[in-house]
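Peer 1: Sharing a sequence plus its predicted fold:
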Amino acid sequence: MSTSPLLSLARPELLTLKPYAHAAWLPTLTRLHANEAPWRPEGDTTDAGLNRYPEPQPEALVSRLAALYGVPTSHLLAARGSDEAIDLLSRLYLREGRDAILQCTPTFGMYQVAARIQGADVVEMPLDRERSWSVDPERLIAAWRPNIKLVYLCSPNNPTANSLDTDALDAICTALDGKAIVVLDEAYIEWSRLPSLTPWLERFSTLAILRTLSKAHALAGARIGALIAHPDMIQLAKRIVPPYSLAQPTVEAALRALTPEAVAASQVRVADLMTEREYLRGRLAASPLVERVWPSDTNFLMIDSHDAGRFMRNTMAGGFIVRDLRGYPTLPNSLRISVGTRAQNDALIDSLETA
């Protein structure tokens, strides 16, 4: 029987790694096997009790996340936001001094941070600014080398706010299937009106998709994300994920956010914020400090400013902070602005008029 490419691409020592054996999860029995305190701490309002270790990969949470994203539970690992999923992928597939990732810049900074921590190299493929930050699939495929184990494609992309062309993504996934793990980061997909590409998991053997509850479900502080992939990758990731990585208050907050009523309410809020995004776009475009407002499929807007330093000074004086993107070589005058409430957005614009 041939070895799955998901396993053949992985660090070989992990294939025989014996994972940590956590205390058995048998919630109907009184727990005298995990060296836990038998009393709850003062102020504990959780359902399960903070004196008890949380359930590893909580079944209820995994089931609700899988239902939300339209995949079988065997295809999903719950993680501490997308950041932990990125870290897991790095530890699974990158060997120090030998392997590399490929990322399309400018993009989310954690891809390269996780790779560098692992001692891996980072290959950068610039997005095409003149073509609204599009990816050139032919150039990317030509740049791939066998030591590039992870190829990150953030769509919609952070910080440029655009979705990558579906045909381009298809071409990349097709060319690299079985050769590298293609990671589609869909952290902002809910704001794009585009469907998730999770159905592609049936087509591509080495595809991984990242999702998060941080944005559209307003749970950035809870830290809940998901790695979605073939079960071979999920089982491999379970070998190295910490046994109690998801804290009980976080799990319970996520379960409340994933009831049908809460999901429906989030969808309404997302639609409302997309309307507010267009309102803020118009007001920013009218400001003398703003040279360009880029199109957005996210809950933020990227702008080019005639005077980014003054823009930031004025907004900070008005009580606001926006993200300075000038550290990116291709974004010398750019800033990133999260869309707020109507009152916040109006006050932000008013602050720009400060002398």
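Peer 2: Nice, thanks for sending it over. Residues are numbered from 1 along each chain as shown.
Peer 1: all helices for the stretch 101-250 of the chain, in order.
Peer 2: Assigned by DSSP state H, counting those that start in this stretch, the stretch 101-250 of the chain shows helices spanning 110-117, 137-143, 166-176, 231-240, 248-257.
Peer 1: what's the spacing between the spatially closest residue to V122 that is not a sequence neighbour and P146?
Peer 2: Nearest residue to V122, sequence neighbours excluded (Cβ to Cβ, 6 or more residues apart in numbering): Q112, at 4.6 Å. Backbone N, C-alpha and C define where each C-beta goes, glycine included. Remark: distance between Q112 and P146 (Cβ to Cβ, to the nearest Å) = 20 Å.
Peer 1: Looking at those two now, which is surrounded by more residues?
Peer 2: Higher neighbour count among Q112 and P146: Q112, with 21 against 10, using other Cβ atoms under 10 Å.
Peer 1: quick one on the thing from earlier: OK, contacts around the residue nearest to V122?
Peer 2: Residues near Q112 by Cβ atoms under 8 Å, 6 or more residues apart in numbering: I101, Q103, V122.
Peer 1: Format the helices of the stretch 101-250 of the chain as CSV; extra columns: distance to L331.
Peer 2: What follows is these, written out as CSV (distance: least, Cβ to Cβ, whole Å):
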stretch, distance to L331
helix 110-117, 16
helix 137-143, 20
helix 166-176, 21
helix 231-240, 33
helix 248-257, 33
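Peer 1: Is it possible to get CSV of those helices that adds distance to P195 and mean pLDDT?
Peer 2: Below are the helices of the stretch 101-250 of the chain laid out as CSV (distance: least, Cβ to Cβ, whole Å; pLDDT from 0 to 100):
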stretch, distance to P195, mean pLDDT
helix 110-117, 24, 98
helix 137-143, 20, 98
helix 166-176, 9, 98
helix 231-240, 22, 96
helix 248-257, 21, 97
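Peer 1: Nearest to E190, out of those helices?
Peer 2: Proximity to E190 (Cβ to Cβ) singles out helix 248-257 among the helices of the stretch 101-250 of the chain, at 13.1 Å.
Peer 1: Next, count neighbours for L94.
Peer 2: L94, neighbours per other Cβ under 10 Å, totals 25.
Peer 1: quick one: it and Y20, what's the gap?
Peer 2: 21 Å.
Peer 1: same deal with C154?
Peer 2: In terms of Cβ to Cβ, C154 sits 32 Å off from Y20.
Peer 1: Now restrict the contacts of Q112 to buried residues only.
Peer 2: Among these, those classed as buried by 16 or more other Cβ atoms under 10 Å are I101, Q103, V122.
Peer 1: With respect to A257, which of the residues you listed is nearest?
Peer 2: Distance to A257, by Cβ to Cβ, is smallest for Q103 among these, at 29.9 Å.
Peer 1: got the phi/psi numbers for L76?
Peer 2: L76 has phi and psi values of phi -140, psi 140 when expressed as degrees, to the nearest 10.
Peer 1: who's in contact with it?
Peer 2: V62, L65, A66, Y69, A226, L227, I228, I234.
Peer 1: Who's the closest spatial neighbour of the last one, skipping the chain neighbours?
Peer 2: In space, not counting the residues next to it along the chain, I234 is nearest to L77; the distance is 5.0 Å by Cβ to Cβ, 6+ apart.
Peer 1: Lowest mean pLDDT among the helices and strands of this structure, which one is it?
Peer 2: When the helices and strands of the chain are compared on mean pLDDT, DSSP states H and E, helix 5-8 comes out lowest with a mean of 92.
Peer 1: Flag every buried residue along that one.
Peer 2: In helix 5-8, counting by 16+ other Cβ under 10 Å, buried: P5, L6.
Peer 1: next SSE after that helix?
Peer 2: Downstream of helix 5-8, the next assigned helix or strand under DSSP states H and E is helix 59-69.
Peer 1: Are there helices or strands packed against that following helix, and which ones?
Peer 2: If you count contacts as 3 or more Cβ pairs under 8 Å, 6 or more residues apart in numbering; DSSP states H and E, helix 59-69 packs onto strand 76-79, strand 225-229, helix 248-257.
Peer 1: ok and that helix relative to helix 248-257, angle-wise?
Peer 2: Helix 59-69 and helix 248-257 are oriented at 40 degrees to each other (axes from the mean of the first three to the mean of the last three Cα atoms, to 10 degrees).
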